[in-house]
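In: Using only what follows, build the 3D model:
(one chain, ligands or ions: 1)
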Amino acid sequence: MDDYNFEDFTETHYRDLLRLAKKKYSFIDYSRVESLEKDRFILWRHDVDFSVNRALALAKIEKKEGISAIYFLRLSSDFYNIFELRLKKKLETIFYLGHRFGLHFDVDSHSIHSETELIEYLSMEKKILESLLNTEITVFSFHNPTPEILTNDQFRYAGMINTYARYFREDVGYCSDSNGYWRNRRLWDVLEKAKEDRLQVLTHPVWWQETVMSPKERVWRCIDGRAQRGKELYLERLERFGRKNIHRNKGN
Ligand SMILES: [Zn+2]
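Out: All right, here's what the predicted structure looks like:
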């Protein structure tokens, strides 16, 4: 258990990481990267793969620490749907807390065989996200970036900054919590040493919970929570219309 630093992935430790990051770096928006190319900065990004609920929990902690982050959202996630009214309201809250949104783009959810097609689908998703959230989307990140996907390394596509552009990969340090453990470097050590002048930190909200849990427990919690909520919504609807929830055995 110790090898995977489960204890790192709590809300309390997350707050401590933010406090440490604030001491060592100045937080900037992706839009300022070009003008501050050689300055010392940190980019604080979240790819939302599983849970908008968890995204909101982190957004509140960041707000308390006076930090503005960027949440990259998927249009074709198997685990959440940003068109659901209750999630849309949570996204609005994240925005009003001072955070911004980017597009988390899954190449595999489209049939893409060329750069032209990549740009077409990026533009399509950008427009949908912009009209849904009523805000401009100027940055995107690839979901599950394979070496092949990463050959698309221009700074911008479809009018959006590419978080995996050559510039970020060559001139900006990187630390990610992918899969719920530190596969490469532990974020606390990276921030404490602060060796790199420029740093991009990627966290996925699902990995940060109130209590210490294994990566599997953290994902299962999100999946089970969503399923439970679905059942509750169904029961609410039955009640509203005075219908019964008929089951094989009486009383269940
Ligand atoms: Zn992703």
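
In: helix, strand or coil for the closest residue in space to D108 that isn't next to it in sequence?
Out: Setting aside the residues directly before and after it, D108 is nearest to N144 in space (C-beta to C-beta, 6 or more residues apart in numbering), at 7.5 Å. The way it works is simple: take the backbone N, C-alpha and C, and place the C-beta from them, glycine included. Look at N144: counting by DSSP: H, G, I helix; E, B strand; the rest coil, its state is coil.

In: Any figure for the gap between N144 and the ion?
Out: Between N144 and the ion the distance, using C-beta to the ion, to the nearest Å, works out to 6 Å.

In: Tell me how many other residues surround that residue.
Out: For N144, the number of neighbouring residues by other C-beta atoms under 10 Å comes to 11.

In: Repeat that for R15.
Out: That count, for R15 with other C-beta under 10 Å as the rule, works out to 16.

In: How about the contacts made by the residue lying closest to it once chain neighbours are set aside?
Out: Nearest non-adjacent residue to R15, counting by C-beta to C-beta, 6+ apart: I61, 5.3 Å away. Remark: with contacts taken as C-beta atoms under 8 Å, 6 or more residues apart in numbering, I61 is in contact with E11, Y14, R15, L18.

In: I61 sits in which helix or strand?
Out: Here I61 is covered by helix 52-64, with elements defined by DSSP states H and E.

In: What residues sit buried inside that helix?
Out: Buried residues in helix 52-64, counted by 16 or more other C-beta atoms under 10 Å: V52, N53, R54, A55, L56, A57, L58, A59, I61, E62, K63.

In: Quick one: neighbours of the residue of the stretch 1-150 of the chain found nearest the ion, just the number.
Out: Residue nearest to the ion within the stretch 1-150 of the chain: H143 (3.7 Å; C-beta to the ion). Per other C-beta under 10 Å, the neighbour tally for H143 reads 19.

In: Please name the nearest non-neighbouring residue to it.
Out: In space, H143 is closest to D106, 4.2 Å off (C-beta to C-beta, 6+ apart).

In: okay, the one you found: pLDDT?
Out: Predicted confidence (pLDDT) at D106: the value is 97.

In: show me the residues around it that make contact.
Out: R74, S76, F142, H143, N144.

In: quick revisit: give me the mean pLDDT for the helix holding I61.
Out: 97.

In: Quick check, S109 in contact with L122.
Out: No. Shown here, S109 and L122 do not form a contact pair, counting by C-beta atoms under 8 Å, at 11.9 Å.

In: Between these two, which has more neighbouring residues?
Out: Residue environment comparison for S109 versus L122 gives the larger neighbour count to L122, 23 against 15, counting by other C-beta under 10 Å.

In: give me phi/psi at that one?
Out: Dihedral angles phi and psi of L122 (degrees, to the nearest 10) take the values phi -60, psi -40.

In: for it, what are its contacts?
Out: Contact analysis of L122 by C-beta under 8 Å, 6+ apart lists L103, F105, F140, Y157, A158, M160.

In: one more time with 10 Å
Out: By C-beta atoms under 10 Å, 6 or more residues apart in numbering, the contact set of L122 is 103, 105, 107, 110, 112, 137, 140, 152, 157-160, 162.
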